[in-house]
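**Q** here is my input, please return the structure:
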Amino acid sequence: MEINQLKAKNYSILVGKNSISCLASEVRNHCPKCKKIAVVIDKKIPKKFLVRIKKNLKKYKVFIFFISSSEKIKNLEQTNFLINKLLELNFNRSDLIIALGGGIIGDMTGFVASIFKRGINFINLPSTLLSQVDSCIGGKTGINSKHGKNLIGSFYNPKVVISETELLKSLPKREIICGYAEILKHAIINDKKFFNFLKKNTKNLILLENKTLNQSILKSCKIKLNFTEKDFKEKSLRMRLNFGHTFAHALEIQNKYSNKLNHGEAVLIGMLIATRVSKFKNLCSNNTLAQVENLYQKFSLTKNLNKYFKKKEILKSIKFMKNDKKKDDEKVSLILLNNIGKTTVPGKFKYKINQIENLIKDLF
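**A** I've put the predicted structure just below:
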């Protein structure tokens with residue numbers, strides 16, 4: 001049983017096959033006064049994992065809350081429901097909430113934990129590749145509003161993150177590609193060596209080959225931690241992680257968070273648009289753009305997504321950038337690319353909505 005441990009400033013991240021078996025000891029270590037545990041779980045999680053968790057936590061009073069996970073349930077109504085349930089069950093701050101699911105479950109449960117009695121113990125068990133390399137790192141929690149994604153939220157760290165890689169085997173390939181998008185982003189913005197590793201190993205990673213998978217998850221988490229620990233509340237450096245996301249979030253809202261376009265697919269499109277904008281503005285070379293585009297082509301990353309690359313679709317989505325939660329004035333800040341491993345400085349390239357529209361018209 002190979003479990004890798006990565007130490008963040010305020011919590012640990014455990015990655016590997018059977019890492020879920022560490023749950024009881026982690027609860028004892030981090031929540032010594034805990035008596036009750038609420039497990040918020042995605043209905044799609046294979047039952048065997050819930051059986052293992054219950055067995056692991058038999059010394060505690062465990063309450064299970066099944067959620068049908070989709071962006072549409074990540075709202076105030078669902079948050080209110082969970083908080084009222086915890087109050088009815090007389091949960092205390094010394095008790096614990098566990099999230100077992102993808103980023104939606106993790107974000108919402110983390111937000112509930114952060115505001116329940118001003119903060120209850122929280123452990124995250126991310127079940128998708130996307131959540132294991134992205135949303136479980138950095139302490140962001142949140143829910144959506146009709147005005148946009150993650151506009152209501154807080155910064156709140158878990159006690160521990162346990163990334164059980166066996167959970168990934170129940171996912172369709174599309175979900176693996178979705179997580180791969182964030183791994184690729186971390187390489188593009190921060191680490192040329194890791195980008196070259198992905199050029200050679202993406203096939204093995206998508207096939208969930210153990211060694212490549214563990215290496216990629218750990219490297220991705222390290223890169224994200226490097227940004228989030230230096231800039232926890234996203235004032236400057238951490239904003240580099242938004243590479244491709246300004247376009248991605250706009251496309252997601254335009255498509256009403258439907259299953260037609262998932263988050264990772266939107267990020268893949270957003271990164272390609274941002275790289276093309278970077279070349280158009282002469283911020284990166286033809287070679288940099290070619291390296292990114294060649295990797296996309298080699299592994300068919302945007303197969304079946306051509307309709308979202310059309311000028312008309314992108315232009316329709318741009319109006320939604322005005323509600324971006326990271327916007328601090330009338331202009332939208334774009335993170336662009338200088339070369340593989342290096343982005344522009346946050347805040348350096350800011351555009352009005354109509355300027356971005358003109359950019360897209362010139363580019364496509």
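**Q** surely Arg93 meets Lys117?
**A** Yes - in terms of Cβ atoms under 8 Å, Arg93 counts as a neighbour of Lys117; the distance is 5.0 Å. (Each C-beta comes from the backbone N, C-alpha and C, glycine too.)
**Q** ranges for the strands of the stretch 51-200 of the chain?
**A** For the stretch 51-200 of the chain, the strands defined by DSSP state E, counting those that start in this stretch cover 61-67, 96-101, 121-126, 140-145, 148-155, 160-164.
**Q** tell me which of these lies nearest to Thr344.
**A** Thr344 lies closest, by Cβ to Cβ, to one member of these: strand 140-145, at 22.2 Å.
**Q** where among the strands of the stretch 51-200 of the chain is average confidence lowest?
**A** Mean pLDDT is lowest for strand 148-155 out of these, coming in at a mean of 88.
**Q** what residues does it touch?
**A** If you take Cβ atoms under 8 Å, 6 or more residues apart in numbering as the criterion, strand 148-155 is touched by 71, 76, 107, 111, 114-115, 139-145, 232-233, 249, 252-253, 257, 320, 323-325.
**Q** so where does the closest residue to Tyr308 other than its chain neighbours fall, helix or strand?
**A** Counting by Cβ to Cβ, 6 or more residues apart in numbering, Tyr308 lies nearest to Ile269, which is 5.3 Å off, once chain neighbours are set aside. Using DSSP states H and E, Ile269 maps to helix 263-280.
**Q** then whichever helix or strand comes after that helix to PDB, C-alphas only?
**A** Remark: after helix 263-280, the chain's next helix or strand is helix 286-298, criterion DSSP H and E. C-alpha atoms of helix 286-298 as PDB (Å, rounded to 0.1, in the frame of the first residue of the first chain):
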ATOM      1  CA  ASN A 286       4.800  30.800 -32.400                       C
ATOM      2  CA  ASN A 287       6.700  27.900 -30.900                       C
ATOM      3  CA  THR A 288       4.900  28.200 -27.500                       C
ATOM      4  CA  LEU A 289       1.500  28.200 -29.200                       C
ATOM      5  CA  ALA A 290       2.600  25.300 -31.300                       C
ATOM      6  CA  GLN A 291       3.700  23.200 -28.300                       C
ATOM      7  CA  VAL A 292       0.300  23.700 -26.600                       C
ATOM      8  CA  GLU A 293      -1.700  23.000 -29.800                       C
ATOM      9  CA  ASN A 294       0.400  19.900 -30.600                       C
ATOM     10  CA  LEU A 295      -0.200  18.400 -27.200                       C
ATOM     11  CA  TYR A 296      -4.000  19.100 -27.600                       C
ATOM     12  CA  GLN A 297      -3.900  17.400 -31.000                       C
ATOM     13  CA  LYS A 298      -1.800  14.400 -30.000                       C
END
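**Q** the helix or strand following helix 286-298 packs against which elements?
**A** As assigned by DSSP H and E, the chain's next helix or strand after helix 286-298 is helix 311-318. The helices and strands touching helix 311-318, judged by 3 or more Cβ pairs under 8 Å, 6 or more residues apart in numbering; DSSP states H and E, are helix 245-254, helix 353-363.
**Q** can you tell me what sits against the shortest one?
**A** The one in question is helix 245-254. For helix 245-254, the external contacting residues (Cβ under 8 Å, 6+ apart) are 71, 148-149, 261, 263, 266-267, 269-271, 273-274, 308, 313-314, 316-321, 323-324, 326, 332-335.
**Q** can we see that at 6 Å?
**A** Residues outside helix 245-254 that contact it (Cβ atoms under 6 Å, 6 or more residues apart in numbering) are 149, 266-267, 270, 273, 316-317, 320-321, 334.
**Q** how far off centre is it?
**A** Computed by Cα atoms, centre = their mean, to the nearest Å, the separation of helix 245-254 from the middle of its chain amounts to 14 Å.
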